[in-house]
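>>> sequence below, structure please.
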Amino acid sequence: MNCLVVLAHPLEDSLCSHLSKETIKHLKSKGYTITVKDLYKENFNPVLTKDERASYYNEFDTSLLEDDIKQLKEAESLVLIFPTWWFSFPAILKGWFDRVWAPGYAYNHASDLGAITPRLENLKEVKVITTLGAPWWVDVFVLRKPVKKVLKFALLGACAKNPTFTMLSLYKSENLTELKVEKFVDYIKGKV
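The predicted structure is shown next:
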């Protein structure tokens, strides 16, 4: 399966980077063909340009994004690995969604500006691996899993035709033992 792994963490020695390496190694052992998109390493510009926004309802300006859009369109499996900051995405990942999940490629606008229709026909599965400093109960009971809702219902609900969705969250990630990290890596291997 053609798999796009998107990593969004600025530090090369971060927990997310470690989880990314372990996940990629595991997916390769299962026969996945992996493309890695390390947003920070590539200096991805998350800012939607004036020309891109102006072209949203016509023909979207892909002049700066052709390779990124091609990677997304060809992906049968998408793995997102990032820290959850302030119960949201790192800005660079949000910008990747804003710019690469573009009209005419990830979805189509309706002619009457009604409901949009999905265009990511190849996408069969989406796996999300995220770290949070907060305990699980704050994400679940206080904030009601905002990141999961945006990914599953807003992005995938609009852009893909029912891919399987798995979200793996590592809570209290700023205070972990090596054993807890190893257990989470084993958990990833069982779910991804």
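
>>> name the element the residue nearest the centre of the chain belongs to?
Centroid-nearest residue in the chain: L80, 3.5 Å away (criterion: C-alpha atoms, centre = their mean). Per DSSP states H and E, L80 falls inside strand 77-83.

>>> how far does that strand sit from its chain's centre?
4 Å (C-alpha atoms, centre = their mean, to the nearest Å).

>>> for stretch 154-170, same thing?
Taking mean C-alpha positions (C-alpha atoms, centre = their mean), stretch 154-170 and its chain are 9 Å apart.

>>> just the helices in this protein please.
15-29, 50-54, 66-74, 91-100, 136-137, 146-149, 156-159, 178-191 (DSSP state H).

>>> wait, which of these is closest to L7?
helix 15-29 (4.7 Å; C-beta to C-beta). Yep, even glycine has a C-beta here, placed from its N, CA and C like the rest.

>>> could you give the mean pLDDT of that closest one?
Mean pLDDT, helix 15-29: 98.

>>> if we can go back for a sec, distance to H109 added to the helices of the chain, as JSON lines?
Shown next, in JSON lines, are the helices of the chain (distance: least, C-beta to C-beta, whole Å):
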{"stretch": "helix 15-29", "distance to H109": "34"}
{"stretch": "helix 50-54", "distance to H109": "14"}
{"stretch": "helix 66-74", "distance to H109": "16"}
{"stretch": "helix 91-100", "distance to H109": "15"}
{"stretch": "helix 136-137", "distance to H109": "38"}
{"stretch": "helix 146-149", "distance to H109": "23"}
{"stretch": "helix 156-159", "distance to H109": "11"}
{"stretch": "helix 178-191", "distance to H109": "35"}
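
>>> out of those helices, which comes closest to I116?
Short answer: helix 156-159, nearest of the helices of the chain by C-beta to C-beta, at 5.4 Å.

>>> buried set for that closest one?
Using 16 or more other C-beta atoms under 10 Å as the test for burial, helix 156-159 gives L156, A158, C159.
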